[in-house]
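Asks: please work out how this folds:
(2 chains)
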Amino acid sequence: MEQVLVHRPSTASSPCPEDLARADWYTLIGALFQSPPDAALLARIASAVEPAADAQADSQSDLAREFARLAGACASAGEDAVKQEYDTVFLGVGRPEVFLNASYYLSGFLHERPLADLREELANLGLARREEYSQTEDQIGSLCEVMRLLIVDGGAMGAGLDVQRAFFTRFIAPWFEQMCDALEQCDSTRFYKDVGRLAKAFFAVERLAFDFES
Amino acid sequence: MKDQKTRPSRRSFLIGTGTAGVAGAAAIVGKGALKGEAQPAAKPDSDGRGGGYHVTDHVRSYYRTTLV
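Replies: All right, here's what the predicted structure looks like:
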């Protein structure tokens, strides 16, 4: 396939601070979905929000409020309990209680056409999955990582905001709310209810922010 | 391709929604500390990036010729 992107001149400037902040959110949310957080990460999230933030909840944005809520959850969550929840909900024997894959929400099944479409798009972008990486490309954590790469390395890849928008609109926007709502409604989720709320708040901001350039 | 600059309105929106602010993911992710701990399976490739993806050879050669 013609790799159009790689022939583009690298004209994009370095990401602005706000875009780097977006990349950090994708990194954090993606990491929480790729694997259960260890004790060190739980502690770091817990300490990232000052306790006083709770008192100002009314004036906070949805994202800040959900982040404060997750930080509170991290302060009391145990590494083992979170791992057990992750395994139960996402890696359950037979059928996971909540799916994290685009293909499931877009087609009703795993490994369907949406995954093939995604792989084609990743090839166009010049991205390939590492062999040792176990998640499929359409898992939300993997998709977050692609977004991070497009933001941080987009200039070198010839991928500007338009490419980010197209990728997000096609592969995340149509289904993230369903996934987050499923996390909210699942009987087995506790910690991941908060992760889902944070993800929903962040992706909602992303969807709106992309409209500014449309 | 057009070089799409981030307009002030979009940047303001991102700040107002808490995407970019004092407390946020940047406080956790900063300095690249997260990648190594949260994604133990990921190893940086020759370009120094971690995570589950790497750029394919075709693109990597592009990096070398334009960025080095």
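
Asks: how far does stretch A:111-120 sit from the chain's center?
Replies: 18 Å (C-alpha atoms, centre = their mean, to the nearest Å).

Asks: and that stretch, which residues are buried?
Replies: Neighbour-count burial for stretch A:111-120, counted by 16 or more other C-beta atoms under 10 Å in any protein chain shown, picks out A:112, A:114-115, A:117-119. Glycine gets a C-beta too; all of them are placed from N, C-alpha and C.

Asks: please apply the same query to stretch A:91-108.
Replies: Buried-residue list, stretch A:91-108, by 16+ other C-beta under 10 Å: A:96, A:98-106.

Asks: check stretch A:37-45 too.
Replies: Buried residues in stretch A:37-45 (16+ other C-beta under 10 Å): A:37, A:41-42, A:44-45.

Asks: for that stretch, what is the distance to the chain centroid?
Replies: The answer for stretch A:37-45 is 17 Å, by C-alpha atoms, centre = their mean.

Asks: show me where chain A has its helices.
Replies: Ranges of helices within chain A are A:17-34, A:39-46, A:62-76, A:79-90, A:102-107, A:113-125, A:140-152, A:154-157, A:161-171, A:176-185, A:191-211, based on DSSP state H.

Asks: so which of those comes closest to B:Ala26?
Replies: Nearest to B:Ala26, of all the helices of chain A, is helix A:17-34, at 4.5 Å by C-beta to C-beta.

Asks: on that earlier part again, now the buried residues of stretch A:91-108 as TSV including pLDDT and distance to A:Ser134?
Replies: Shown next, in TSV, are the buried residues of stretch A:91-108 (pLDDT from 0 to 100; distance: C-beta to C-beta, whole Å):
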residue	pLDDT	distance to A:Ser134
A:Pro96	94	14
A:Val98	97	18
A:Phe99	97	16
A:Leu100	97	13
A:Asn101	97	13
A:Ala102	97	17
A:Ser103	97	16
A:Tyr104	97	17
A:Tyr105	97	20
A:Leu106	96	21
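
Asks: among the helices of chain A, which gets the worst mean confidence?
Replies: Lowest mean pLDDT of the helices of chain A: helix A:154-157, a mean of 71.

Asks: coming back round to it: I'd like the helices of chain A laid out as JSON lines, including distance to B:Gly21.
Replies: Converted to JSON lines, the helices of chain A look like this (distance: least, C-beta to C-beta, whole Å):
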{"stretch": "helix A:17-34", "distance to B:Gly21": "8"}
{"stretch": "helix A:39-46", "distance to B:Gly21": "15"}
{"stretch": "helix A:62-76", "distance to B:Gly21": "7"}
{"stretch": "helix A:79-90", "distance to B:Gly21": "26"}
{"stretch": "helix A:102-107", "distance to B:Gly21": "29"}
{"stretch": "helix A:113-125", "distance to B:Gly21": "29"}
{"stretch": "helix A:140-152", "distance to B:Gly21": "17"}
{"stretch": "helix A:154-157", "distance to B:Gly21": "22"}
{"stretch": "helix A:161-171", "distance to B:Gly21": "20"}
{"stretch": "helix A:176-185", "distance to B:Gly21": "22"}
{"stretch": "helix A:191-211", "distance to B:Gly21": "12"}
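
Asks: so, low pLDDT: which residues of chain B?
Replies: Scanning chain B for pLDDT under 70 picks out the ranges B:1-8, B:22-23, B:30-51, B:54-68.
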